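In: Make a model of this:
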Amino acid sequence: MNEFNLDIGDIEKRMSGAIASLKNDFLSLRTGRASSSMLEPVVVEVYGSKLPLNQCATVTVPESRVLSVNVWDVNNVNLVEKALINSGLGLTPQTEGNFIRLIIPELNEERRKELAKLAASYAENAKIAIRNVRKDGMDKIKKLRSDGMSEDESQLWSDEIQTLTDQMTLSIESLQKEKQSEIVTF
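Out: Residues are numbered from 1 along each chain as shown. Down below sits the predicted model:
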């Protein structure tokens, strides 16, 4: 009897990558509430290389709508300020010595709706990525089936991929509801 093997771990890893990408996309959505994770995508060009902000400064949340950035090297304050301005977050830095304050403006109702739609779009893109990974897995099963895999074995693999797809889709929907709730209720 031939032994056929399908790398479910690879399929799960690719699906998890889609969820990680979704979480990263959600970080870029400004909700009106200060969170140090908002600044995770910010990259600062210092010492001749590009570093994440958290490798050259400390980010704290002293108030619900204020972020404080404590730049470790006073010579880098202007570079950090420039990176924050160019980050696309729409925040205006207020610099005092080696501290930079960022005030998160209130979101109006129209902007909240736009952000909720954008969150839904990000979630849908993640679901599409999950379905594409599922399709790749199912195509591999079809090929293995044509190479002599038993129908029972191919059904077991198909069921496992479908279960994984369902779990990942539920996870995406949960993340989406959480993010949309955060956007609408603050």
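In: Any idea how many residues pack against Val46?
Out: 18 (other CB atoms under 10 Å). (C-beta placed from N, C-alpha, C; glycine too.)
In: The one 3 residues further on too?
Out: Neighbour count for Ser49, taken as other CB under 10 Å: 8.
In: so how far is Gln55 from it?
Out: Taking CB to CB, to the nearest Å as the measure, Ser49 falls 10 Å from Gln55.
In: One more: Ser121?
Out: With CB to CB as the criterion, Ser121 and Gln55 are 31 Å apart.
In: helices and strands around the helix or strand where Glu182 lies, which ones?
Out: Per DSSP states H and E: Glu182 is located in helix 151-185. The helices and strands touching helix 151-185, judged by 3 or more CB pairs under 8 Å, 6 or more residues apart in numbering; DSSP states H and E, are helix 8-27, helix 109-146.
In: Turn those helices into a markdown table, including mean neighbour count and mean pLDDT.
Out: As requested, those are exported to a markdown table (neighbours: other CB atoms under 10 Å; pLDDT from 0 to 100):
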| stretch | mean neighbour count | mean pLDDT |
| --- | --- | --- |
| helix 8-27 | 16 | 92 |
| helix 109-146 | 16 | 93 |
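In: now for those helices, which one comes closest to Gln180?
Out: Comparing the helices and strands packed on helix 151-185 by their distance to Gln180 (CB to CB), the top pick is helix 109-146, with 4.9 Å.
In: Which neighbouring elements make contact with the closest one?
Out: helix 8-27, helix 151-185.
In: Outline the domain layout of the protein.
Out: What automatic domain parsing lists as the domains of the chain is 8-27+108-185, 36-103.
In: Asn70 contacts Pro62, correct?
Out: No - applying CB atoms under 8 Å as the test, Asn70 and Pro62 come out as separate, 10.8 Å apart.
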